[in-house]
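just the structure for this:
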Amino acid sequence: MLLNGMLQRFVKVGSLTIIDHEGRERTWQGGQEGPVSKIRFTDARVERDLMKNPELAVCEAYMDARIEIVGGTLYDFMELCVVNADIQWESQRGSLIEKVRLALRKLQQHNPVGRAKNNVAHHYDLTDDFYRLFLDSDQQYSCSYFPSPDVTLEESQVLKKRHIAAKLLLEPGQKVLDIGSGWGGLGLTIADLAAVDVTGVTLSERQHAVSNNRARDSGVTDRVHFLLQDYRHLREQFDRIVSVGMFEHVGVHHYDEFFQKVRDLMAPDGVMLLHSIGRMEGPSWTSSFIRKYIFPGGYIPALSEVLPAIERAGLWVTDVEILRLHYAETLKHWHERFMARREEAKALYDERFCRMWEIYLIGSELFFRRQGGMVFQIQITRDRHATPLTRDYMVDTERAWRCSDQRGLRTVGGRDAA
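Here you go, the predicted structure:
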């Protein structure tokens, strides 16, 4: 078996058993206890492909049903791969391989205006019926907020929106910009909480249509509207700016451009809240599977790459919060919901698509649960006096909203958001 030498070096934790396409079985046992998995190759190509690009090849082989899980679950197999890949990557720190991967990022993450729209469409312009299969009723496609383990997905997304809104110091009549406004749920919530005017921008045609329909159905089109537009084309200034789950699509070589534009769009006493997936281990690269199939042009940054760009734009960082396992729990909910309605997803697309999404959802959960994934929320201002000197107001505001009714949840757009 060609893979023997590679797997002897790779499997340091757990146990992997492979049955090749001719029925021969072999087990690789790591020196530490960990996940246990058994798989079968259905053709000879799998072994050859794995020798060329293991990460991408194993994902594509599962998508094509050329790898079958015969012992344990897909989660077990992916956890085994993730844990051992981390050990291997750590051993490559400072190596030529790492330097080449880092050098290629500029090409892989080049997101000028036109290309950025195409990259967004690749993922976010899937049919609305698909996302309704596993998202909450408000279609929040970003990290939830779990103050306790018993909180449901619906409740956690309401709490996430409030947690963000509390950091914006909202007051009636303010102009608020939502960069990467999704299906409109956050913008509608903010408008409901504080009677502000909201402008949302998205590059997804499907999200643009849905969000404006929601604003119309809610009767708030006089102060909430969504544009199919790149944020770089905006010219007016806003009192508050929020961006949730969009920064991951900017690309590391566009960070200076992003924050300089934020400064231009922000009123002199304005406040921004940036919510993004991040990594704790320092600069890295996007996996070949994610780059090819899920988020072309995407990249999860380290704070060491973000904060210098904020500094160069002449902006103040007035608060930073790190959410660690919140996204792992969110993805666990999404995966469970997706699997419960997998046949419906298959009817919308096909079996290969469903297998791709299984890999994406499980792999993403493992990134937060077993690797260096986290979410950061950075509050940014132009003026050091734009926010209070202590952060008590954040907690006080959230508590006030929680007491607004007996359950601590509001209605948005005339229907229960939770």
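
for this protein, which strand is longest?
Assignment by DSSP state E gives strand 266-279 as the longest strand of the chain.

number of residues surrounding the closest residue to residue 313 other than its chain neighbours?
Nearest non-adjacent residue to residue 313, counting by Cβ to Cβ, 6 or more residues apart in numbering: residue 259, 3.8 Å away. All C-beta atoms are positioned from the backbone trio N, CA, C, and that covers glycine. Residues near residue 259, counting by other Cβ atoms under 10 Å, number 23.

surely residue 259 and residue 307 touch.
No - taking contacts as Cβ atoms under 8 Å, residue 259 lies outside contact range of residue 307: 10.1 Å.

what's downstream of the longest strand of the chain, the next helix or strand?
helix 288-289 (DSSP states H and E).

elements contacting that next one?
Using 3 or more Cβ pairs under 8 Å, 6 or more residues apart in numbering; DSSP states H and E, the elements in contact with helix 288-289 are helix 54-63.

now do the helix it packs on: distance to the chain's middle.
Relative to its parent chain, helix 54-63 has a centroid offset of 21 Å by Cα atoms, centre = their mean, to the nearest Å.

so that it lines up with my notes, have the first residue be 655 from now on.
From this message on, residue numbering opens at 655, which makes the last subject helix 708-717.

all strands for the stretch 705-854 of the chain, in order.
Applying DSSP state E, counting those that start in this stretch to the stretch 705-854 of the chain gives strands spanning 721-725, 829-833, 851-856.

let me have those strands in a markdown table, adding mean pLDDT, mean neighbour count and distance to residue 1041 as columns.
Listed next are the strands of the stretch 705-854 of the chain as a markdown table, based on pLDDT from 0 to 100; neighbours: other Cβ atoms under 10 Å; distance: least, Cβ to Cβ, whole Å:
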| stretch | mean pLDDT | mean neighbour count | distance to residue 1041 |
| --- | --- | --- | --- |
| strand 721-725 | 97 | 16 | 50 |
| strand 829-833 | 98 | 24 | 16 |
| strand 851-856 | 97 | 24 | 20 |
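
out of the ones you listed, nearest to residue 935?
Proximity to residue 935 (Cβ to Cβ) singles out strand 829-833 among the strands of the stretch 705-854 of the chain, at 26.7 Å.

ok, and what's touching that closest one?
With Cβ atoms under 8 Å, 6 or more residues apart in numbering as the test, strand 829-833 has contacts from 822, 824, 840-841, 844-845, 850-855, 885, 888, 890-898, 900, 919.

mark which of those residues are buried, thanks.
Among the contacts of strand 829-833, those scoring as buried are 822, 824, 840-841, 844-845, 850-855, 885, 888, 892-898, 900, 919 (criterion: 16 or more other Cβ atoms under 10 Å).
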